[in-house]
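>>> Mind folding the following:
(chains A and B)
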Amino acid sequence: MPVGTLGSVKGVSQDVLEDLGVEILLGNTYHLFLRPGVETVRRMGGLHRFMSWDRAILTDSGGFQVFSLNDLRKVTEDGVAFRSHLDGSPHFLGPEKAMEIQIGLGADIVMAFDECTEYPADAERARASMELTLRWAARCKNYFREHKCEVPWAVDAAELRSAGRTNASAPTRASAMSGSGALPRLDGAEPRHHTDANQALFGIVQGGMDAALRRESALRTIDIGFPGYAIGGLSVGEPRELTRDIVLSTLEHLPSDQPRYLMGVGTPEEIAQYAQAGVDMMDCVLPTRAARHGLLFTSEGKVSIKQARYAQDESPLDPACECRVCLRYSRAYLRHLYASNELLAQVLNTVHNLHFYLATMRAVRAWIRASDAAG
RNA sequence: GCACAGGUGGGUGAGUGGUUAAAGCCAACAGACUGUAAAUCUGUCCCUCUCAGGAGGUACGGAGGUUCGAAUCCUCCCCUGUGCA
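Residues are numbered from 1 along each chain as shown, chains lettered A, B, ... in the order given. This next block holds a predicted model:
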């Protein structure tokens, strides 16, 4: 899942994402809550319609932001009081509030509000954090059960149109439920993707870097019961081998017939490895951020396109890649765009990295299918 | 020709007697980036050695000079900009 924190995958437009074959995007509760605010998104017909994306969206709960905005927050039993990184204004996010926001955004998959345990954390701290996440998970589930949307993009499109977009009243669920379930697009085009699945809430496993705690967290989260489970609290500064150990051991305790989502990971090598190990979903800012910083992932390894050695390199970025960037442009041109600070550098680099990640996942799926077929 | 202003490391530009191999910014070069406060951040950036802590050399238009000590003060010269002839 490419990460589109603010309702946009930095550097690429929705039609490019569609062409790349992206099936699901990640959005972020914390950021969208601060700007433009849930009410605006609701009035614009939900996040799908607002950003004109008719494929799936998963919203992260804000738990990670609360963790990374460390010095601006205060955690209590009920949630987190924090200050906006934008203007310093005080806000509160807790299990119920995080659910309310995500339901309002209308994502297909919403994440429980968790506490992302920092690294390193001692045994006592890791347990306390895990227990808090478990209590919050139960509260999230209770609130969600009573308030979730039956159809993620619950919009009365006709009502929005007749009222004029800017004056549209709050959307209702009725017409979307009675219709195809798909979101009518502003441009009148047929939606490329359709689902009538209900909005789903996933639980998140924590437990720090302790295998026993992870196991306990997994079992107790399963006891609460969710349609999918995430492994959170990783990629927070720990050594990569430790990440792998925790992922592999935690995975064993999660039901293999439900989606298993590893949050915030990883490099192409890592996502391939984890997918083979049974992880179904992953998200990571690495492909998009690294692209904007001139780091490109290729079949021959990492390429730092800003390096002087590529100044007159006529060859494509990755000879084995079939993305439109590799088919059309030379390394020399990509380096020039980057060095010249051209916006196009970020666009092209992002397109390539996303393509590479998606191609990696397709290859892994093919491999898994083949090995399943082989028994 | 006269009168002002000014010449600093690849560029720009601080510095007007010692703590200055010379701030900051840019360029250049390298590195980092993993549920996005990230078009961000870090390092190197005169030359030569190095036991990696340092050692030596050269340097603020040029040449002299004053001084224990000069990018900084003085003299002459060269060059640039602006104004007046």
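
>>> so which helix or strand takes in A:Lys302?
If you go by DSSP states H and E, A:Lys302 is part of strand A:301-304.

>>> Show me what the one helix or strand A:Arg125 maps to is in contact with.
Using DSSP H and E, A:Arg125 maps to helix A:123-147. For helix A:123-147, the external contacting residues (CB atoms under 8 Å, 6 or more residues apart in numbering) are A:61, A:75, A:77, A:79, A:94-96, A:98-100, A:103, A:110, A:112-115, A:117, A:121, A:201, A:203-204, A:206-210, A:213, A:216-217, A:220-221, A:224-226. No exception for glycine: its C-beta is placed from N, CA and C like everyone else's.

>>> ok, is it in contact with RNA strand B or not?
No: for helix A:123-147, no contact with RNA strand B is found by CB under 7 Å from any atom of the strand; the gap never falls below 8.8 Å.

>>> Quick one: residues contacting the closest residue to A:Ala56 other than its chain neighbours.
Spatially, and ignoring its direct neighbours in sequence, A:Ala56 is nearest to A:Ile24 (3.9 Å; CB to CB, 6 or more residues apart in numbering). Neighbour list for A:Ile24: A:1, A:55-58, A:108-109, A:281 [criterion: CB under 8 Å, 6+ apart].

>>> Pull out the buried members of the contacts of helix A:123-147.
Buried by 16 or more other CB atoms under 10 Å: A:61, A:79, A:94-96, A:98-100, A:103, A:110, A:112-115, A:117, A:121, A:201, A:203-204, A:206-210, A:213, A:216-217, A:220-221, A:224, A:226, out of these.

>>> thought A:Val75 was touching A:Asp114?
No: A:Val75 is not in contact with A:Asp114 according to CB atoms under 8 Å; the separation is 11.5 Å.

>>> Now do the buried residues in stretch A:116-129.
A:116-119, A:121, A:126-127, A:129.

>>> Which secondary structure state does A:Val22 sit in?
Look at A:Val22: counting by DSSP: H, G, I helix; E, B strand; the rest coil, its state is coil.

>>> Look up the closest residue to it, ignoring the ones flanking it.
In space, and not counting its chain neighbours, A:Val22 is closest to A:Pro2: 5.8 Å by CB to CB, 6+ apart.

>>> and the one you found, what does it touch?
The contact partners of A:Pro2, by CB under 8 Å, 6+ apart, come to A:9, A:17, A:22, A:25-26, A:283, A:287-288, A:354, A:357.

>>> let's see 7 Å
Residues in contact with A:Pro2 (CB atoms under 7 Å, 6 or more residues apart in numbering) are A:9, A:17, A:22, A:25, A:288, A:354.

>>> separation between it and RNA strand B?
From A:Pro2 over to RNA strand B the distance is 7 Å, taken as CB to the nearest atom of the strand, to the nearest Å.

>>> How about A:His91?
According to CB to the nearest atom of the strand, A:His91 stands 13 Å off from RNA strand B.

>>> What are the phi and psi values at the residue in the stretch 251-375 of chain A positioned nearest to RNA strand B?
Nearest residue of the stretch 251-375 of chain A to RNA strand B: A:Gly264, at 2.5 Å (CB to the nearest atom of the strand). With angles defined as degrees, to the nearest 10, A:Gly264 sits at phi 80, psi 20.

>>> Model confidence at it, what's the number?
What the model reports for A:Gly264 is a pLDDT of 97.

>>> Could you do A:Asp54 as well?
89.

>>> Which secondary structure state is assigned to it?
Secondary structure for A:Asp54, judged by three-state DSSP, is coil.

>>> so it touches A:Leu47, yeah?
No: counting by CB atoms under 7 Å, A:Leu47 is not a contact partner of A:Asp54; they are 11.2 Å apart.

>>> Identify the residues contacting the residue lying closest to A:Gly63 once chain neighbours are set aside.
Counting by CB to CB, 6+ apart, A:Gly63 lies nearest to A:Asp114, which is 4.2 Å off, once chain neighbours are set aside. Shown in contact with A:Asp114 (CB under 7 Å, 6+ apart): A:61, A:63, A:133, A:136, A:204, A:206, A:232.

>>> Inside strands: which ones of these?
Taking DSSP state E as the definition of strands, the contacts of A:Asp114 contribute A:Ile204.

>>> pLDDT for the contacts of A:Asp114 - can I get that in CSV?
Formatted as CSV, these follow (pLDDT from 0 to 100):
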residue, pLDDT
A:Ser61, 96
A:Gly63, 91
A:Thr133, 98
A:Trp136, 98
A:Ile204, 98
A:Gln206, 98
A:Gly232, 98
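
>>> Export the contacts of A:Asp114 as a markdown table, with columns for distance to A:Phe297.
Output for the contacts of A:Asp114, formatted as a markdown table (distance: CB to CB, whole Å):
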| residue | distance to A:Phe297 |
| --- | --- |
| A:Ser61 | 28 |
| A:Gly63 | 27 |
| A:Thr133 | 32 |
| A:Trp136 | 35 |
| A:Ile204 | 27 |
| A:Gln206 | 29 |
| A:Gly232 | 24 |
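
>>> Give me the phi and psi for the residue lying farthest from the centre of chain A.
Of all residues in chain A, A:Gln312 has its C-alpha farthest from the mean position, at 37.1 Å, by CA atoms, centre = their mean. Dihedral angles of A:Gln312 (phi, psi; degrees, to the nearest 10) stand at phi -130, psi 30.
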